[in-house]
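Novice: below is the structure, and that's it, no one-letter string:
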């Protein structure tokens, strides 16, 4: 087609003397440049593809891809290779190769070392060190003003630490190559432009992170917002905003997830859904770090806890170990020979208290030791039942001296005084 156009121009202009010939030559030069440019563009791979091929070449020579350049660093489950758009850019191939090269060696951790943050004279986080590992739901607990939200902001790079460091997958947040695919977070449910629809908000995030459109629809369906996907976020309730925030956190299929009070505003069914979701995500090998003030719910969801108070670490351990250290743990004992059993236990160093139901509570001695003592003393037992402290009881006891804000508390005699 182009050569026919050029031939027509020559026939029309070639008869007009020297000026016509000059025009013909100029047209030919411009056409040649345009054709050459088009051919080069068609044969030359796009910049993402060139970069991807370079990274793949490094990998095939046995050299590791630079961590900050990995297109799916920390995202072993992201099915990028199924996306035709990414395949065309050469990204999907590299993602699959990186995923295969790192099988069984995913970092997916959060690590804080000496983390400190000051706001003027206010010390919000004080020399805080902990590690959150994959495969667990780790509860992040602390009284109001303990520094939980500040710590999460430091993890996400929203605030800079005054000293110390915190890393995700061994790197600072700002050094992650594709942050949305490595770490997802719900820190503030309503931190979304109210004039956007739920779909357009997630679609915008997906487009800027080379995430397929199908993933947006999948996440909306997962959180139960498909029916209201085109409604403006400004009209959403708090619970709906929480669901959208969870969808945003999961959009990039990251290996590390942070949730700050994710069940606020949810009804009973929604709370149960979040609990099951968090446990399922952890069972997939992800790192799940979640804060909440609802101890009863944390007891059902978390299997590890990081407890802080006034910005300092109080406890970092499995939840069962945390509750077992509480003084609220005791052994309930029933016997028809309490008059003999009580002094025997006290002589062995145990603390004994009478309960309203006719049993006694024994502290300072385990059930096994109590059983051995009664056997030695030939005392009959009707019940020997260890009683664990609840997470709430253990939490209150461990944070008693680390409260930033205190209200009036009841004291003996029914009066109150400020504490």
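Specialist: Cool, the structure landed. Because the structure is predicted, anything quoted here is derived from the model rather than measured.
Novice: when you work out contacts or count neighbours from here on, use the C-alpha atoms and nothing else.
Specialist: Will do.
Novice: the closest residue in space to residue 147 that isn't next to it in sequence: neighbour count?
Specialist: Closest residue in space to residue 147, ignoring its immediate chain neighbours: residue 311 at 5.0 Å, by Cα to Cα, 6 or more residues apart in numbering. Other residues lying near residue 311 total 24 when counted by other Cα atoms under 10 Å.
Novice: pLDDT score assigned to residue 311?
Specialist: We have a pLDDT of 93 for residue 311.
Novice: so it touches residue 118, yeah?
Specialist: No: counting by Cα atoms under 8 Å, residue 311 does not reach residue 118; the two are 10.3 Å apart.
Novice: give me the common contacts of those two.
Specialist: 124, 125 (Cα atoms under 8 Å, 6 or more residues apart in numbering).
Novice: dihedrals phi and psi, the nearest residue to residue 156 once chain neighbours are set aside?
Specialist: Spatial nearest neighbour of residue 156, chain neighbours left out: residue 173 (5.9 Å); criterion: Cα to Cα, 6+ apart. In terms of degrees, to the nearest 10, the main-chain angles of residue 173 are phi -50, psi -40.
Novice: renumber starting at 30 from here on
Specialist: Happy to do that; since the first residue is 30 now, the last one works out to residue 202.
Novice: gap between residue 202 and residue 183?
Specialist: The gap separating residue 202 from residue 183 is 9 Å, by Cα to Cα, to the nearest Å.
Novice: between the two, who's got more neighbours?
Specialist: residue 183 (23 against 20).
Novice: isn't there a helix covering that one?
Specialist: Yes: counting by DSSP: H, G, I helix; E, B strand; the rest coil, residue 183 is located in a helix.
Novice: report pLDDT for it.
Specialist: Reading off the model, residue 183 has pLDDT 96.
Novice: so it sits right up against residue 189, yeah?
Specialist: Yes: in this structure, residue 183 is within contact of residue 189 by Cα under 8 Å, at 6.1 Å.
Novice: stretch 186-204: how far from the chain's middle?
Specialist: Averaging C-alpha positions (Cα atoms, centre = their mean, to the nearest Å) puts stretch 186-204 15 Å from its chain's average.
Novice: mind listing what's buried in that stretch?
Specialist: 186, 189, 190, 193, 194, 195, 196, 197, 198, 200, 201, 202 (16 or more other Cα atoms under 10 Å).
Novice: could you do stretch 204-212 as well?
Specialist: Neighbour count says stretch 204-212 has 205, 206, 207, 208, 209, 210, 211, 212 buried, by 16+ other Cα under 10 Å.
Novice: strands - which of those land there?
Specialist: Among the buried residues of stretch 204-212, the members found in strands (DSSP state E) are residue 212.
Novice: any idea which of the buried residues of stretch 204-212 is closest to residue 356?
Specialist: For the buried residues of stretch 204-212, the residue nearest residue 356 by Cα to Cα is residue 212; the value is 37.7 Å.
Novice: may I see the buried residues of stretch 204-212 arranged in CSV, with distance to residue 60 as well?
Specialist: Below are these laid out as CSV (distance: Cα to Cα, whole Å):
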residue, distance to residue 60
205, 45
206, 41
207, 41
208, 45
209, 45
210, 45
211, 47
212, 50
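Novice: tell me which two of the buried residues of stretch 204-212 sit farthest apart.
Specialist: Maximum pairwise distance in the buried residues of stretch 204-212, criterion Cα to Cα, is 11.0 Å, between 206 and 212.
Novice: noted, bye for now.
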